[in-house]
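Colleague: Below is the sequence, then the predicted model.
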Amino acid sequence: MAREDVLVTADWAEENLDTPGVVFVEVDEDASAYDYGHIKGAVKIDWKDDLQDPVRRDFVNQEQFSQLLSERGIANDDTVVLYGGNNNWFAAYAYWYFKLYGHQDVKLLDGGRKKWELDARDVTTDVVKREATAYEAKPLDWDLRAKRDEVEAAIGAKNLIDVRSPDEYAGRLLAPAHLPQEQSQRAGHIPTALSVPWSKSANEDGTFKSEAELREIYVDEAGLDEGKATIAYCRIGERSSHTWFALRELLGYEDVKNYDGSWTEYGSLVGVPIALGDEPGEK
Amino acid sequence: MSDGCAAPDQDAALPASVDIERETVLTGTVANDEGELVQGAYVRLLDSSGEFTAEVVTGEGGQFRFFAAPGKWTLRALSRFGDATGEVDAVQGLNEAKLSVSR
């Protein structure tokens, strides 16, 4: 897969704002960001309200995803261009959903909202109304999603990539540094997991690094074994979607899964092995 | 479901649940070279090895805030008006910093 099949530049986006069959979708955790200003014609998907089950800890099912996209006016054959804040974390998370449910043509806007704003490109507060469609999602593709038993079995057997910050990995912090450290689950990382913070894959303006730079980071520096399958995780699964995108979509590794349970699940399990400190640790 | 990893509203008062005696808070403002506070600046916190730790976007008052640990940190701001870098030697409690962005 080539970079241009999965990433579009801000210039490309600006030239294709009115192209029929291209739908821009803003995905944020803070849904109010969209209301302050969004790319012309873009519809909104809320990371929590639209993509999470309201009761269980799980995400929307095939029917709910079909309904969501139908309501947003997205058709099965549309080219969907996702972008958002937080260096595209939530856009990458949504990208992973679109792939999980079999959407053919989906891309990320490289740099997301951040690059768009730093470039001082136009945003609008216009209300966007698209005609409803009859979207049909495909059954969930489990080749892209890892569950907890599979993760435990992967210790010492597959590449595990921990994309949290070095302090979260080592167990010195329980959450990213812009959030109060109030959580109660155990700190540390899954034994044998390699520490490659998500930020290593992105430039300061939020765009992804080149494939050559990415390969050097994951393979040469971190020691990812190219002959093995890979599972990426973080705290709740969105930063790891960003790394999943870099590994599977940009570098083209075929067997890469995102573990959306991530540390908030693994670090609360009873009896599983945990490693502390800066080293991956033993099986 | 836990709260997301994205940054909370940077203009809001410190939540009552935050124990300032226990937390190490790095806070401050971003201004441009005219001295005006910059809303929508991207401020990141880098650890002593230069590794990315967190990033927030300043609110209306140009404010940012991180929950970190005592030690040396680097603050890096990107904005439409330019960039800025600052160093902080944080101690437990409230630590304040001002960043002035320019081209």
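Modeller: Now that the structure is in, tell me what you want to look at. Since we're looking at a predicted model, the values are computed, not measured.

Colleague: does chain B sit close to stretch A:137-150?
Modeller: No. For stretch A:137-150, no contact with chain B is found by C-beta under 8 Å from any C-beta of the partner chain; the gap never falls below 15.7 Å. Where C-beta positions appear, they are placed from N, C-alpha and C, glycine not excepted.

Colleague: Enumerate the positions of that stretch that are buried.
Modeller: A:Ala137, A:Leu140, A:Leu144, A:Arg145, A:Ala146 (16 or more other C-beta atoms under 10 Å in any protein chain shown).

Colleague: Kindly report the same for stretch A:126-135.
Modeller: The neighbour-count check on stretch A:126-135 (16+ other C-beta under 10 Å) flags A:Val128, A:Thr133, A:Tyr135 as buried.

Colleague: wait, the first one sits on A:Gly41?
Modeller: Yes. Proximity of A:Val128 to A:Gly41 meets the contact threshold set by C-beta atoms under 8 Å, at 5.9 Å.

Colleague: one step back: tell me which of the buried residues of stretch A:126-135 fall in helices.
Modeller: Nothing among the buried residues of stretch A:126-135 maps onto helices, per DSSP state H.

Colleague: Flag the least confident of those.
Modeller: For the buried residues of stretch A:126-135, the least confident position by pLDDT is A:Val128, scoring 95.

Colleague: Look up how far A:Tyr253 lies from the nearest residue to that residue once chain neighbours are set aside.
Modeller: Take A:Val128 and drop its neighbours on the chain: the residue closest to it by C-beta to C-beta, 6 or more residues apart in numbering or on different chains is A:Val43, 5.5 Å away. Between A:Val43 and A:Tyr253 the computed distance is 31 Å (C-beta to C-beta, to the nearest Å).

Colleague: Tell me which helix or strand B:Asp83 sits in.
Modeller: Of the helices and strands defined by DSSP states H and E, B:Asp83 is found in strand B:82-90.

Colleague: What lies in contact with that strand?
Modeller: Around strand B:82-90, the neighbours that count as contacts under C-beta atoms under 8 Å, 6 or more residues apart in numbering or on different chains are B:24, B:26, B:30, B:32-33, B:68-77, B:95, B:97-103.

Colleague: near chain A too, which of those residues?
Modeller: Of the contacts of strand B:82-90, the ones that also sit near chain A (C-beta under 8 Å from any C-beta) are B:Ala68, B:Ala69, B:Arg76.

Colleague: Who wins on neighbours among these?
Modeller: Highest neighbour count within those: B:Ala68, with 22 neighbours (other C-beta atoms under 10 Å in any protein chain shown).

Colleague: so where's the stretch 151-283 of chain A shaky on pLDDT?
Modeller: For the stretch 151-283 of chain A, residues meeting the criterion pLDDT under 70 lie at A:177-184.

Colleague: Nearest to chain B within it, name that residue for me.
Modeller: Of all residues in the stretch 151-283 of chain A, A:Ser199 sits closest to chain B, at 3.5 Å by C-beta to the nearest C-beta.

Colleague: Using the three-state scheme, assign A:Trp263.
Modeller: Applying DSSP: H, G, I helix; E, B strand; the rest coil to A:Trp263 yields a three-state assignment of helix.

Colleague: From A:Leu160, how far out is it?
Modeller: Computed as C-beta to C-beta, the A:Trp263 to A:Leu160 distance reads 12 Å.

Colleague: what residues are shared contacts of the two?
Modeller: Each of A:Tyr233 lies in contact with both A:Trp263 and A:Leu160 under the rule C-beta under 8 Å, 6+ apart.

Colleague: of the two, who's got more company?
Modeller: Set A:Trp263 next to A:Leu160 and count neighbours by other C-beta under 10 Å: A:Trp263 wins out with 29 against 23.
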